[in-house]
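K.L.:
Here's my sequence, what's the structure:
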Amino acid sequence: VHSKLTNGNTYYLTTIAIDDADDVKNEEAWDVTSSTFVFDSSAPYTTISNLVHLTTAGADNAIFSTISGTMEEEPTRTDATKSSAGIQGVEITIQRMSDTQYYQGTGDSWGSSSVNIPVSTAPGAPASWSRSAAQGLPPWQHDVKYWILVRSSDKASNIEGYTVTRTSISIHFDVQGATAAFTNLISSTPNQGPYVSTNSALGPYYLNPSINFLSGTATDSPADVSTVTIAISSNNGSGDSWYNGSGFTSAFSTNTTIYRSTSSYTEASPDDSWQYDFNNIISSSLMHGATYLVRVQTADKASPQNVRAQDFRFIYDSIKPTATITFPADVFSTNTAVTITGTSNDLGVGISTISVSIGKGSAEGGSVCYDPAQTDFDNACPRWFSAAGNHLGVWSVSGVDWNDASGGDGRYFILSRSSDNAENIQTTFVFDVSSRSFNLEATGPITTITDPVAAYDRVSSALPMLGTASDAVCGVAKVEVRVKRSSGTIGWWSPTGQNF
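P.N.:
Numbering: from 1, shown residues only. Predicted coordinates:
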């Protein structure tokens, strides 16, 4: 009979009993015992409605508070004229894919055995089911995948199988926001990024006029980065200080007037890169010495998106520093090794380094500049090298090998160049401030006697004593003469006493 029954139909069953008495058998009347039943051979139809298969769940996903869906009986769902046995119950199973453990239904309890966890149901069209965090859901972990299974059973003991995307789904969790960083903000602390928290600042960090854009990286796992937007304030985020495309005059809001799209975005591994061009901000709005706050907002591809805002700060420095030579004085002449000294000055964020170029004949061109590493004057000019002292305000250069074969006696030119913590580099070398020359001569001048001539030993009258004097580098300052009587009473001529 069973094979002849039709799924979804209602049947009326009645029985008659006959005993085995002699002669006339006793018969029970029909309909004394009867039953109406529904023949239901199909399993219920269940869905998970608030999760989508193979998606990445963000920190604000509904799964953190509840897993829910619908349930309907077959065959009534597909044919309203049919009858169904009715839902008996709904169960879910949660498996953590990283270690294949199953959720046991309470707290953070996991085990190797699968557990069918009962859920709450509610009538409706269709009926619904749910499992809330209060009833027991696992503490979902970042960057972990889970399989979530749901099945219904009906009062005819039909148990639903699993259908991928409907009752069997995989969810990957991303509960952390993306991370942004800058690559072109200048740090005074080596190997330290420019990120600053709300209450404390690392750095400081700088920007100069040669940089007309902000650039950085963005990374997120596992969902990946969706968007990066930039907002800039001239007053640490307070009041009407946010850049709106023409000036720092707007109050903060999350609309695109304040949060502006990047000029370019490149996906790469391991980090994406982005760039925001300043356009007319540099020329018209940024002020020397002012501190600016850059708020970088990143959104990932989780559902819903994890959105994170990070604050960065930089000091804008538009004035180049100056290095001044204090010794030697211009056109100074000496016959000993020289220690060059000087000072430095910056009207902005402070001196970073002092560099010097020393050349014989020129410090800006040619091929006779000094290289302390090679200790010679055989290098193309300018040849910049660091002075001692650097950012301390007073600097010096000593230990130059002036006696190198390409060096030696001659006129030397000095250029001093300063750079500040914002990487502004001095490019103008004012004469007698950042540019000087001096003469070095160790060999001395040369003199000759032209009259009297050598071996001239007979003089009838007083003759002038004549000669020449020359110096290739510094020039002749004076000539001195000594006369000695070598016969008779020997002695030296005394200009004061006018005798020998």
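K.L.:
Which helix or strand in this structure has the lowest average pLDDT?
P.N.:
None of the helices or strands of the chain scores lower by mean pLDDT, DSSP states H and E than strand 195-196, at a mean of 36.
K.L.:
Can you give me the first-to-last residue distance of stretch 207-223?
P.N.:
32 Å (Cα to Cα, to the nearest Å).
K.L.:
correct me, but Phe314 touches Asn184?
P.N.:
No: using Cβ atoms under 8 Å, Phe314 makes no contact with Asn184, being 9.9 Å away. (Each C-beta comes from the backbone N, C-alpha and C, glycine too.)
K.L.:
still on that earlier bit, strands paired with the helix or strand just after the least confident helix or strand of the chain, and their directions?
P.N.:
Counting by DSSP states H and E, the element after strand 195-196 in chain order, helix or strand, is strand 205-207. Strand pairing for strand 205-207, using DSSP bridges, gives strand 186-187 (antiparallel), strand 307-316 (parallel).
K.L.:
can you list these in TSV and add distance to Gly444 and mean neighbour count?
P.N.:
As requested, these are arranged in TSV below (distance: least, Cβ to Cβ, whole Å; neighbours: other Cβ atoms under 10 Å):
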stretch	distance to Gly444	mean neighbour count
strand 186-187	51	20
strand 307-316	54	20
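K.L.:
what's the least confident stretch among the ones you listed?
P.N.:
Across those, strand 186-187 has the smallest mean pLDDT, namely a mean of 72.
K.L.:
Model confidence for Thr122, exactly?
P.N.:
Quick fix: residue 122 reads Ala, not Thr. So Ala122 comes in at 96 (pLDDT).
K.L.:
Equivalent analysis for Thr256, please.
P.N.:
Listed pLDDT for Thr256 reads 68.
K.L.:
ok, the residue nearest to Glu27 when sequence neighbours are not counted - contacts?
P.N.:
Counting by Cβ to Cβ, 6 or more residues apart in numbering, the nearest residue to Glu27 once its immediate chain neighbours are dropped is Ile18, at 5.0 Å. Residues near Ile18 by Cβ atoms under 8 Å, 6 or more residues apart in numbering: 25-28.
K.L.:
What of Ile186?
P.N.:
By Cβ under 8 Å, 6+ apart, Ile186 lies in contact with 205-208, 314, 421-423.
K.L.:
Out of the contacts of Ile18, which is nearest to Thr249?
P.N.:
Relative to Thr249, the closest of the contacts of Ile18 is Glu28; by Cβ to Cβ it sits at 97.8 Å.
K.L.:
Please report the distance of that closest one from Met97.
P.N.:
62 Å (Cβ to Cβ, to the nearest Å).
K.L.:
cool, and Leu5?
P.N.:
Distance of Leu5 to Met97, given as Cβ to Cβ: 42 Å.
K.L.:
Equivalent analysis for Ile48, please.
P.N.:
17 Å.
K.L.:
ditto for Ala251
P.N.:
According to Cβ to Cβ, Ala251 stands 46 Å off from Met97.
K.L.:
mind putting the contacts of Ile186 in CSV, distance to Gly393 included?
P.N.:
Below are these laid out as CSV (distance: Cβ to Cβ, whole Å):
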residue, distance to Gly393
Tyr205, 22
Tyr206, 19
Leu207, 24
Asn208, 21
Phe314, 24
Asn421, 14
Ala422, 17
Glu423, 19
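K.L.:
So which of these is surrounded by the most neighbours?
P.N.:
Ala422 (30 neighbours; other Cβ atoms under 10 Å).
K.L.:
Let's verify that one: helix, strand, or coil?
P.N.:
Of the three states, Ala422 takes coil according to DSSP: H, G, I helix; E, B strand; the rest coil.
K.L.:
Now for Ala125, how many residues are close by?
P.N.:
Neighbour number of Ala125 under other Cβ under 10 Å is 7.
K.L.:
Could you do Ser318 as well?
P.N.:
Ser318, neighbours per other Cβ under 10 Å, totals 18.
K.L.:
Please tell me the pLDDT value assigned to it.
P.N.:
For Ser318, pLDDT reads 90.
K.L.:
Neighbour count: Ile48 and Met97, which is higher?
P.N.:
Neighbours per residue (other Cβ under 10 Å) separate Ile48 from Met97, with Ile48 holding more: 23 against 13.
K.L.:
Check which helix or strand the closest residue to the more buried one other than its chain neighbours maps to.
P.N.:
Sequence neighbours aside, Gly69 is the residue nearest to Ile48 in space, at 4.4 Å (criterion: Cβ to Cβ, 6+ apart). Under the criterion of DSSP H and E, Gly69 resides in strand 66-72.
K.L.:
Can you mark which positions in that strand are buried?
P.N.:
66-72 (16 or more other Cβ atoms under 10 Å).
K.L.:
Pick out whichever of these sits closest to Thr81.
P.N.:
Nearest to Thr81 among the buried residues of strand 66-72, with distances taken as Cβ to Cβ, is Glu72, at 15.2 Å.
K.L.:
got the contact list for the closest one?
P.N.:
So Glu72 contacts 44-46, 126-127 (Cβ under 8 Å, 6+ apart).
K.L.:
Looking at those, which is nearest Gln275?
P.N.:
For the contacts of Glu72, the closest approach to Gln275 (Cβ to Cβ) belongs to Thr46, at 49.1 Å.
K.L.:
so who does that closest one touch?
P.N.:
Contacts for Thr46 (Cβ under 8 Å, 6+ apart) come out as 69-72, 90, 129, 150-152, 160, 166-167.
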